[in-house]
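Participant: need a 3D model of the following:
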Amino acid sequence: MTRLTRTQVQEQNRETVLRVAREAFLRDGYVSTSLASVAREAGFTTGIVYSGFGSKADLALGVLEGIQAEQIAELGRRLADVSSTEEALAGILSWAEAATASGWIRLELELLLDTVNDPRLAAAQVERQAAAVVQAGAVARAVAPEGSLDDETLDIIAEAAVDYAIGVGVRQVTNPGASPDRFIRLMAPLLALLTAQPR
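Facilitator: Below you'll find the model as predicted:
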């Protein structure tokens, strides 16, 4: 049996902590979850969790980076093989409903409110939002037939989609009845243009 190196053990521990923290943050919320409870659920000391992440906010940022990448990739998968505007709209709506129900948006909002006055963590949030725009742009480019829209327009669409999703997500935390329907209807003419052209 091959023994793991110290680096491999640290990486394995990091992945375990991220997995357990993700479950706890999504289940109980950011505010109600402590590093001590994450450490206990993961089977580690609080010191090991601190040494790997530094703070609860840094741990939550690590969790959210993974969730964000997964969610945007899932949106891309749902749009990959659509052949009509209706299919695209249905795919976006079902993705938005699942994303909201997952607890992701609540975690985003709680962490944002907790980190807004910390310049380092606020800068990390800005970087993560910029990464979301890049990831959404990649989805838009995958959906759009080559040459149908220029890069600047696709980037604007991606940024608008991320901004709108953040806004709807914030509303849904306090008003579960808030829906992305209006934005999806606004996107319908663009989706019609994209799905009408061969890829």
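Participant: identify the residue spatially nearest to the residue nearest to the spatial centre of the chain, adjacent ones excluded.
Facilitator: Most central residue of the chain, judged by C-alpha distance to the mean C-alpha position with CA atoms, centre = their mean, is residue 68 at 2.1 Å. What sits nearest to residue 68 in space, not counting adjacent residues and going by CB to CB, 6 or more residues apart in numbering, is residue 132, at 5.7 Å. (Glycine included, C-beta is placed from N, CA and C.)
Participant: circling back to that earlier point, I figured the residue nearest to the centre of the chain hits residue 130, correct?
Facilitator: No: at 11.3 Å, residue 68 and residue 130 do not qualify as touching, with contact defined as CB atoms under 8 Å.
Participant: what's the burial count for residue 13?
Facilitator: The number of residues packed around residue 13, counting by other CB atoms under 10 Å, is 17.
Participant: low-confidence ranges in the protein?
Facilitator: Low-confidence regions of the chain, defined by pLDDT under 70, span residues 1, 190-191, 193-199.
Participant: show me where it has its helices.
Facilitator: Assigned by DSSP state H, the chain shows helices spanning 6-28, 35-42, 46-53, 56-79, 85-101, 104-115, 119-143, 151-174, 181-196.
Participant: can you list the domains in the protein?
Facilitator: If the domains of the chain are taken from automatic domain parsing, they occupy 1-54, 57-196, with pieces of a single domain joined by a plus sign.
Participant: and the last one, how far out from the chain middle?
Facilitator: With CA atoms, centre = their mean, to the nearest Å as the basis, the distance from the averaged C-alpha position of domain 57-196 to the chain average is 7 Å.
Participant: burial check on residue 127, number of neighbours?
Facilitator: Residue neighbour count, defined by other CB under 10 Å, stands at 12 for residue 127.
Participant: relative to residue 68, how far out is it?
Facilitator: Summarising the geometry, the distance separating residue 127 from residue 68, computed by CB to CB, to the nearest Å, is 11 Å.
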